[in-house]
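S.K.: coords please:
(2 chains)
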Amino acid sequence: AQSVSQHNHHVILSEAASLELGCNYSYGGTVNLFWYVQYPGQHLQLLLKYFSGDPLVKGIKGFEAEFIKSKFSFNLRKPSVQWSDTAEYFCAAVSGGYNKLIFGAGTRLAVHP
Amino acid sequence: EPEVTQTPSHQVTQMGQEVILRCVPISNHLYFYWYRQILGQKVEFLVSFYNNEISEKSEIFDDQFSVERPDGSNFTLKIRSTKLEDSAMYFCASSESGLRPREETQYFGPGTRLLVL
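M.R.: Predicted coordinates:
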């Protein structure tokens, strides 16, 4: 079955630390990949997405992600986190002929000042 | 910036009762979705809706569920006879054109937290 895995359920960092959140997907064909973020009390909102072209995708707020097809991965990175990055991060994928999002379990990030 | 809105934010109902969850998608969007997240579990796709008909639905979306676009602005999810296991956060989403739906950003509402007693 199609699935998305996020390996880290909780991450705690200090400000200025670097961040990498793992995401793996299990699809055989063309896949579109997304990272969404949910700040406390707010909507799910898009950080970045990949559907073709340069596998290194840059998003909002200094986030980037790299699509590595051979590893079925789409890890999210940020070189220096801020307290305001405290949120839950969701990796999601769309595959096949449909546009339903398949979500990972989410990673809760807490950044301490 | 335009947003997807949902009402109510919280709903408590008795098992067996009907509930209607309401969503107002972004005004020029043509593709609409419902997802849900049971506490402690993943966000799950329920249904997508385009051109006044269901485009795709999951196994969860059985005969107890229905969707409707009753007018030009609202998009509703009805659960005819709620069960305890329907307790979840329900998210509405919309995307722009449907021309390349797999590449388009889905914009999410804040969710309705449904509690079935």
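S.K.: Which residues of chain A lie near chain B?
M.R.: A:32, A:34, A:36, A:42-46, A:49, A:51, A:90, A:92, A:94, A:98-106 (C-beta under 8 Å from any C-beta of the partner chain). Glycine gets a C-beta too; all of them are placed from N, C-alpha and C.
S.K.: All the helices of chain B, residue numbers only.
M.R.: Secondary structure of chain B (DSSP state H): no helices present.
S.K.: show me what contacts the residue nearest to the spatial centre of it?
M.R.: A centroid search over chain B (C-alpha atoms, centre = their mean) returns B:Trp34, at 2.8 Å, as the residue closest to the centre. Counting by C-beta atoms under 8 Å, 6 or more residues apart in numbering or on different chains, B:Trp34 touches B:21, B:23, B:46-47, B:67, B:77, B:90-93.
S.K.: ok so, going back, show the buried residues in the residues of chain A next to chain B.
M.R.: A:32, A:34, A:36, A:43-44, A:46, A:49, A:51, A:90, A:92, A:94, A:99-106 (16 or more other C-beta atoms under 10 Å in any protein chain shown).
S.K.: Partner strands of the helix or strand where A:Val11 lies and their direction?
M.R.: Using DSSP states H and E, A:Val11 maps to strand A:10-14. If you go by DSSP bridges, strand A:10-14 pairs up with strand A:107-112 (parallel).
S.K.: Show residues contacting the strand it pairs with.
M.R.: With contact meaning C-beta under 8 Å, 6+ apart, strand A:107-112 is reached by A:6, A:8-15, A:17, A:19, A:21, A:81-90.
S.K.: any idea of the mean pLDDT in it?
M.R.: Mean per-residue pLDDT for strand A:107-112: 97.
S.K.: Buried residues in that strand, which are they?
M.R.: A:107, A:109, A:111.
S.K.: try stretch B:19-36
M.R.: Of all the residues in stretch B:19-36, those buried under the rule 16+ other C-beta under 10 Å are B:19, B:21-26, B:29-36.
S.K.: that older thread, what helices and strands are in contact with the helix or strand just after the strand holding A:Val11?
M.R.: Sequence order places strand A:19-21 as the next helix or strand after strand A:10-14, per DSSP H and E. Where contact means 3 or more C-beta pairs under 8 Å, 6 or more residues apart in numbering or on different chains; DSSP states H and E, strand A:19-21 is packed against strand A:10-14, strand A:73-78, strand A:107-112.
S.K.: Let me know the average pLDDT across stretch A:85-99.
M.R.: 88.
S.K.: for it, how far is the first residue from the last?
M.R.: One end of stretch A:85-99 to the other measures 28 Å (C-alpha to C-alpha, to the nearest Å).
S.K.: how far out from the middle of the chain is it?
M.R.: 7 Å (C-alpha atoms, centre = their mean, to the nearest Å).
S.K.: Stretch A:61-78 too?
M.R.: 7 Å.
S.K.: tell me how far the ends of it are from each other?
M.R.: Note: stretch A:61-78 ends 9 Å apart using C-alpha to C-alpha.
S.K.: correct me, but B:Phe45 touches B:Ser58?
M.R.: Yes: contact criterion C-beta atoms under 8 Å: B:Phe45 and B:Ser58 qualify, at 5.2 Å.
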